[in-house]
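> Here is my input, please return the structure:
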Amino acid sequence: MSVLFPKVNKPREWDYRPIYFDPEKEARKDKKLARLRRGAFREEHEKNMSEMRRKRPSKLAFWIVLIVLLLFSFYFLF
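Residues are numbered from 1 along each chain as shown. The predicted structure follows:
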């Protein structure tokens, strides 16, 4: 500590920011709170799993078609 210049804390400043009603922000907040209700994560997981099960056959068909095309092209090119 300094003997010649002792530290003196400044008084706290009053910083007032008025809060205005924002309907979009309120809607986002309500939507976020609705997602956090009990069981919401389980419902989201089940929904995602059902989407993955629905997409799985299309992925399989894509890979089968790709392999057939590659085999066909190798057969006729070589």
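> Show the low-confidence segments of this structure, by residue range.
Along the chain, segments meeting pLDDT under 70 span 1-3, 78.
> For this protein, which helix extends over the most residues?
Determined from DSSP state H, the single longest helix within the chain is helix 40-77.
> Check the offset of that helix from the chain's centre.
In terms of CA atoms, centre = their mean, to the nearest Å, the centre of helix 40-77 is found 24 Å from the chain centre.
> can you check stretch 13-25 too?
Taking CA atoms, centre = their mean, the mean C-alpha location of stretch 13-25 is offset from the chain mean by 27 Å.
> Use 457 as the first number for this chain going forward.
Right, with 457 as the first residue, what we last looked at is stretch 469-481.
> residues of that stretch that come out buried?
If you call a residue buried by 16 or more other CB atoms under 10 Å, then stretch 469-481 has no buried ones at all. Bear in mind the C-beta positions are built from the backbone N, C-alpha and C, glycine included.
> now stretch 510-530
For stretch 510-530, it's none, nothing buried (16+ other CB under 10 Å).
> Return the alpha-carbon coordinates of that stretch using PDB.
Coordinates of the C-alpha atoms in stretch 510-530 are reproduced here as PDB (Å, rounded to 0.1, in the frame of the first residue of the first chain):
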ATOM      1  CA  ARG A 510     -37.400 -43.400 -42.100                       C
ATOM      2  CA  LYS A 511     -34.200 -42.100 -43.800                       C
ATOM      3  CA  ARG A 512     -32.300 -45.400 -43.400                       C
ATOM      4  CA  PRO A 513     -33.900 -47.300 -46.400                       C
ATOM      5  CA  SER A 514     -33.200 -44.400 -48.700                       C
ATOM      6  CA  LYS A 515     -29.600 -44.400 -47.700                       C
ATOM      7  CA  LEU A 516     -29.400 -48.100 -48.300                       C
ATOM      8  CA  ALA A 517     -30.900 -47.800 -51.700                       C
ATOM      9  CA  PHE A 518     -28.400 -45.000 -52.600                       C
ATOM     10  CA  TRP A 519     -25.400 -47.200 -51.700                       C
ATOM     11  CA  ILE A 520     -26.800 -50.200 -53.500                       C
ATOM     12  CA  VAL A 521     -27.300 -48.100 -56.700                       C
ATOM     13  CA  LEU A 522     -23.900 -46.600 -56.300                       C
ATOM     14  CA  ILE A 523     -22.200 -50.000 -56.000                       C
ATOM     15  CA  VAL A 524     -24.100 -51.400 -59.000                       C
ATOM     16  CA  LEU A 525     -23.100 -48.400 -61.100                       C
ATOM     17  CA  LEU A 526     -19.500 -48.700 -60.100                       C
ATOM     18  CA  LEU A 527     -19.400 -52.500 -60.900                       C
ATOM     19  CA  PHE A 528     -21.200 -51.800 -64.200                       C
ATOM     20  CA  SER A 529     -18.700 -49.100 -65.200                       C
ATOM     21  CA  PHE A 530     -15.700 -51.300 -64.200                       C
END
